[in-house]
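S.K.: Next come a sequence and a model predicted from it.
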Amino acid sequence: MSQLSSDHSLQTLAKSAPDKAQLAYDLEACTALMRGGSKSFFAASKLLPTRVRAPAIALYAFCRLADDAIDTGTNPYAAMDDLKFRLKAIYAGTPGPQDADRALTMVVHHYGIPCGLLEALLDGFLWDTQARRYETLADVEAYGARVAGTVGAMMSLIMGANTDSALARAAELGVAMQLTNIARDIGEDARNGRLYIPRAWFREIGMDADTWLANPVFDARIAGFTQRLLLRADALYRRGEFGLAELPWDCRPAIQSARLVYAEIGKQLEREGLNAVDERTVVSTARKLALIARATSVAFKAPALPAVSLSPVPAIHYLVDIVRNERMEGTHHRPWKLPVRSFDERVEWIVDLFDRLERRERMHR
């Protein structure tokens, strides 16, 4: 068993589970997937307090598998239909045989995560397969709200910060991180036929977005677009920092670390001349460690709340509404019963897991 299966987070989450051994097994499966398929997230999860780490990994495992199913499968619409069916079963308390589904069932019922947040996330994944055209920055932020703001809101609920303002700041922080990702990956996305720079920006200076997309090259104009994305991300990072005060003290360092490290990607990109077309910016391990060390101070002294209340930015307003509406309706999730595997079934699953992880590693070499 991994550290995840034995730490205090599992004990906390297992209180209402009818089969603690099965719950431990499902969370272990999610951890194995993340360790093999998303090393960066698995490392980052170590910064979270133990009681939050298990549900965070369970949530991320489902999100990662859902993204893969929609983005890399042969029929994204069929994959979307299947995932919505699985979500319906999860919220009914009757998850299917997938380990991630059973672990997610425990998380959404225990923490009261509305189905609407996960449906919005799936919508964002589907947008990536539709050759969607983003005309304005508001359109780009609407995409970021779905693929990243939703995760911020769900993590806020898992950490116990469920006020409207806490949810808004968490979702805005997610959008900020997505804008940083977009700025860093301009070249890679363009070579895959995807453009997240607002097309209106191209028209403003007389450039044709589709012509550039067919032959993406770096110049001062693209540098200017990159700078504009980073400036907006910085504004959202500042808003996101106000949410730290509403988090439990032991959750603040992990979130502040993520905020500082992602913001540093933008700073490093600026130091490298804003060229995200020809190379991918990375932050050195030494710099990350320094930022993480700096982030620990917020455990005891978080930034003060703003003098006046901040309304959610338009792109994420509906995410706050999803949670607020469920809270007002007093929705209660039904209990569920997790199936128990035989020894032979567990052995068969482990063999299959390692086969899948080996194929995934070969694909990314």
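M.R.: Thanks, I have the structure now.
S.K.: make it CA atoms for all contacts and neighbour counts henceforth
M.R.: Noted.
S.K.: What pLDDT does the model give the residue lying farthest from the centre of the chain?
M.R.: Outermost residue of the chain with respect to the C-alpha centroid, by CA atoms, centre = their mean, is Gly206; its distance is 35.0 Å. Per-residue confidence (pLDDT) for Gly206: 96.
S.K.: Same check on the one 4 residues further on?
M.R.: pLDDT, the model's per-residue confidence, is 97 for Asp210.
S.K.: In three-state terms, label the residue farthest from the centre of the chain for me.
M.R.: Classification of Gly206 by DSSP: H, G, I helix; E, B strand; the rest coil places it in coil.
S.K.: Offset the numbering so it begins at 39, please.
M.R.: Got it, first residue is 39 now, which makes that one Gly244.
S.K.: got the contact list for Ala271?
M.R.: Residues near Ala271 by CA atoms under 8 Å, 6 or more residues apart in numbering: 213-215, 217-218, 301.
S.K.: Tell me which of these fall in strands.
M.R.: Judged by DSSP state E, strands contain none of those.
S.K.: Show me which of those are buried.
M.R.: Using 16 or more other CA atoms under 10 Å as the burial test, the contacts of Ala271 include 213-215, 217-218, 301 as buried.
S.K.: My read is that Arg207 contacts Leu285, right?
M.R.: No: here Arg207 does not reach Leu285: they are 10.7 Å apart, not a contact under CA atoms under 8 Å.
S.K.: And these two? Which one has more around it.
M.R.: Arg207 (31 against 21; other CA atoms under 10 Å).
S.K.: Give me the nearest residue to the more buried one, chain neighbours excluded.
M.R.: In this structure, Arg207 finds its nearest non-sequential neighbour in Gly278, 4.6 Å apart by CA to CA, 6 or more residues apart in numbering.
S.K.: Correct me if wrong: the one you found contacts Ala208.
M.R.: Yes: with contact defined as CA under 8 Å, Gly278 counts as touching Ala208 (6.1 Å).
S.K.: hmm, back to that, next one: the helix or strand that contains the residue nearest to Arg207 to chain centre, how far?
M.R.: For Gly278, the host element (DSSP states H and E) is helix 258-279. With CA atoms, centre = their mean, to the nearest Å as the basis, helix 258-279 stands 19 Å off its chain's centre.
S.K.: same deal with stretch 312-327?
M.R.: 20 Å.
S.K.: Buried ones in it, by neighbour count?
M.R.: 312-315, 319, 326.
S.K.: Pull the most distant pair out of these.
M.R.: Maximum pairwise distance among those (CA to CA): 23.3 Å, between Val315 and Lys326.
S.K.: where in the stretch 289-403 of the chain is pLDDT low?
M.R.: Along the stretch 289-403 of the chain, the parts satisfying pLDDT under 70 run over 368-403.
S.K.: Distance check, the closest residue to Ile196 other than its chain neighbours against Val361.
M.R.: Nearest non-adjacent residue to Ile196, counting by CA to CA, 6+ apart: Tyr149, 5.9 Å away. Taking CA to CA, to the nearest Å as the measure, Tyr149 falls 12 Å from Val361.
S.K.: returning to what we had before: can you point out the buried residues in the helix holding Gly278?
M.R.: Of the residues in helix 258-279, 260-261, 263-272, 274-275, 277-279 count as buried by neighbour count, 16+ other CA under 10 Å.
S.K.: tell me the contacts of Asp288?
M.R.: Contacts of Asp288 (CA under 8 Å, 6+ apart): 86-87, 337.
S.K.: Is it possible to get JSON lines of those that adds secondary structure, neighbour count and distance to Thr174?
M.R.: Listed next are the contacts of Asp288 as JSON lines, based on DSSP: H, G, I helix; E, B strand; the rest coil; neighbours: other CA atoms under 10 Å; distance: CA to CA, whole Å:
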{"residue": "Leu86", "secondary structure": "coil", "neighbour count": "18", "distance to Thr174": "35"}
{"residue": "Pro87", "secondary structure": "coil", "neighbour count": "19", "distance to Thr174": "38"}
{"residue": "Ala337", "secondary structure": "helix", "neighbour count": "18", "distance to Thr174": "37"}
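S.K.: which of the residues you listed lies closest to Arg229?
M.R.: Leu86 (35.2 Å).
S.K.: Now the closest one. Nearest residue, chain neighbours left out?
M.R.: Ala292 (5.5 Å).
S.K.: residue ranges of the helices in the stretch 239-388 of the chain, please?
M.R.: Assigned by DSSP state H, counting those that start in this stretch, the stretch 239-388 of the chain shows helices spanning 247-252, 258-279, 290-309, 323-333, 355-367, 381-401.
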